[in-house]
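Asks: Give the three-dimensional model of this entry:
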Amino acid sequence: MKILVTGATGYVGGRLVPRLLALGHDVHCFARDPSHLAGRGWQGVTVHRGDALSAGSFLPVMEGVDVAYYLIHSMSQPEGRFEDHDRFAAEHFGMTAAAAGVRRIIYLGGLGKADERLSPHLASRHEVGHILRSSGVPVTEFRAAVIVGSGSISFEIIRYLTEGLPAMMTPRWMSTRCQPISIADVLDYLVQALAEQASVGRILEIGGPDVLTYREMILGYAAERALKRVVVPIPLLTPWLSSQFLHWLTPIPASISRALIDGMRNEVVVNDHAAEQMFSVQHVPYREAVWRALRRIQSGSVDTYWSGAVQGLKTGTSLTVTEGMIIDDRRVESAATPDAVFRTFAGIGGDRGWFYGDWGWRLRGAMDRAIGGVGLRRGRRNPNELRTGDALDFWRVEEVIPGRLVRLRAEMKLPGRAWLQFEVAEMPNGRSLLVQRAFFEPHGLAGLLYWYGLYAIHEFFFEGMSRAIARRAEALPPSAQAR
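Replies: Next comes the predicted model:
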């Protein structure tokens, strides 16, 4: 089938597309900024640029589409009420889908009893479903609560609260019941709906096997991370105060966290179990879903999401926190060829040192040895060659892509997991772009204090190292500059 996926840059859409491709469908994606999909490696996907709030954006995309997944929400819109944006986008989508002859819409909304006073967020999710059905196109609407997976906003709130606070004074909504669902289960429902004709024209409530309070979800996450946490209810904390607190503790803006917290006052559990009989989905328990979300940490390797291809060829520095990972990103332009830049950063460490502030790296190695770590004593196997699995001072070579990328995993003593990645790309002007990324996944409050307490030191060494690599590459003899 020809399938359109809206919201492909989002959490669910980004994981749905590979599943559809694996089934052999002709997949098209709709995105406001297609560059956000540039590094996904989706072979055969057609990406269309457009704005859901512009009535004409969907017209060139809908032609010949059999099924359209509607995974758009507007809580991150910078201006206006998100409910209005949700309404306008759904109206534009439904009207265009009907005019283009789209056979079916599959929509993922939110749980909540329609006869209760729903929060603006949940009420908007229900209204969007109603608008899509009013278009005349047959709709399958799934309604879910918290989706458990690394990257889901609701799950990220639980992650950041639990990781950052040994003791939490929590508001009344922490005792509200919720039925979380694994991202794997959600994707199973969304994909199986393509072939399940009984789901056409239905509103289907989906959830995992566990009904928990938000407090129990936090404590379950803490248990999987081996963190001791104390949760003390304080009924006087308002949604506004809670959202401001989350704004400063997490990367989630207050406008989004306020909408989600308002929704947490509503009980969101499955009352209609039709979906369980209709689909063959093996439900994942909450604790196992948390373990799966954290498996990237436990396996000791960076997921491809973090280490994907260079997206954009801009220089500069950025510090971001996404899905629990702190990413220090430094991009430096060099007159050297990509091959020369690769040879330079592939030769770092060992007897050559770390190209900038070697005294600091030696001091860090001595400190690591003093607390039982490996220190810098291991050096490197070969001065000019790196292989996956090599020891490199207090790092381990996790991946080498000749001519392009080297990724190192830290083996020094740390309150978390860390990686250092070097990547090079050729720029349109014939110069090279060096992308140096430090990844850190903190373990609890100690990890956060470690990173932010030493950030000024990291800034000094990481900035100096990236520029030193670019200069050294430019200084290589002409024979090493061949393209």
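Asks: residues in contact with Thr46?
Replies: Val27, His28, Cys29 (CB atoms under 8 Å, 6 or more residues apart in numbering). C-beta coordinates here come from the backbone N, C-alpha and C atoms, glycine included.
Asks: And it, its phi and psi?
Replies: In terms of degrees, to the nearest 10, the main-chain angles of Thr46 are phi -100, psi 120.
Asks: What pLDDT is listed against it?
Replies: You'll see Thr46 listed with a pLDDT of 86.
Asks: Okay, it and Ala52: tell me how far apart.
Replies: Thr46 is 18 Å from Ala52, where distance means CB to CB, to the nearest Å.
Asks: So, low pLDDT: which residues of this structure?
Replies: The chain contains residues with pLDDT under 70 at 36, 38-39, 74-80, 151, 235-263, 296-314, 322-323, 479-483.
Asks: Burial check on the nearest residue to Ala336 once chain neighbours are set aside, number of neighbours?
Replies: Beyond its immediate neighbours in the sequence, the residue positioned closest to Ala336 (CB to CB, 6 or more residues apart in numbering) is Ala473, lying 3.6 Å away. Ala473: 26 surrounding residues under other CB atoms under 10 Å.
Asks: cool, Gly24 as well?
Replies: Neighbour count of Gly24, defined by other CB under 10 Å: 9.
Asks: swap in the one 10 residues further on?
Replies: Using other CB under 10 Å, the number of residues around Pro34 comes to 15.
Asks: Ok, Pro428 next?
Replies: Using other CB under 10 Å, Pro428 is surrounded by 6 other residues.
Asks: helix or strand for it, which one?
Replies: Under the assignment given by DSSP states H and E, Pro428 is not contained in any helix or strand.
Asks: swap in Pro60?
Replies: Pro60 is part of helix 59-62, with elements assigned from DSSP H and E.
Asks: what does that helix contact?
Replies: Leu4, His28, Phe30, His48, Gly50, Ala68, Thr96, Ala97, Ala99, Ala100, Val102.
Asks: Any buried residues in that helix, and which?
Replies: Along helix 59-62, these residues count as buried under the neighbour rule (16 or more other CB atoms under 10 Å): Val61, Met62.
Asks: Show me how far it is from its chain's centre.
Replies: Helix 59-62 has its C-alpha centroid displaced from the chain centroid by 28 Å (CA atoms, centre = their mean, to the nearest Å).
Asks: downstream neighbour of that helix in the secondary structure list?
Replies: Towards the C-terminus, the helix or strand next in line after helix 59-62, according to DSSP H and E, is strand 67-70.
Asks: Against which helices or strands is that next one packed?
Replies: In terms of contact count using 3 or more CB pairs under 8 Å, 6 or more residues apart in numbering; DSSP states H and E, strand 67-70 is assigned the packing partners strand 2-6, helix 82-100, strand 104-110.
Asks: rerun that using 7 Å as the cut-off
Replies: The helices and strands touching strand 67-70, judged by 3 or more CB pairs under 7 Å, 6 or more residues apart in numbering; DSSP states H and E, are strand 2-6, strand 104-110.
Asks: in its sheet, what does the shortest one sit against?
Replies: Based on DSSP bridges, the pairing partners of strand 2-6 within the sheet are strand 26-31 (parallel), strand 67-70 (parallel).
Asks: before we move on, what about the last one?
Replies: The strands that strand 104-110 pairs with in its sheet are strand 67-70 (parallel), strand 139-144 (parallel) (by DSSP bridges).
Asks: buried ones in that strand?
Replies: Arg104, Ile105, Ile106, Tyr107, Leu108, Gly109, Gly110.
Asks: contacting residues around the last one?
Replies: The one in question is Gly110. With contact taken as CB atoms under 7 Å, 6 or more residues apart in numbering, Gly110 is in contact with Leu122, Arg125, Arg143, Ala144.
Asks: Most neighbours of all those, which one?
Replies: Among the contacts of Gly110, the one with the most neighbours (other CB under 10 Å) is Leu122, at 27 neighbours.
Asks: Helix, strand or coil: sort out that one for me.
Replies: Look at Leu122: counting by DSSP: H, G, I helix; E, B strand; the rest coil, its state is helix.
Asks: Which residue is the nearest non-sequential neighbour of it?
Replies: The shortest distance from Leu122 to any non-neighbouring residue, by CB to CB, 6+ apart, is to Gly112 (4.2 Å).
Asks: Okay, the one you found and Tyr450: tell me how far apart.
Replies: To Tyr450, Gly112 is 40 Å away according to CB to CB.
Asks: what about these two, which has more around it?
Replies: Neighbour tally, Gly112 and Tyr450, criterion other CB under 10 Å: the higher count belongs to Gly112, 23 against 17.
Asks: May I have the residues that are in contact with the more buried one?
Replies: Gly112 makes contact with Leu118, Leu122, His126, Asn266, Val268 under the criterion CB under 7 Å, 6+ apart.
Asks: one more time with 6 Å, if that's ok
Replies: By CB atoms under 6 Å, 6 or more residues apart in numbering, the residues touching Gly112 are Leu118, Leu122, Asn266, Val268.
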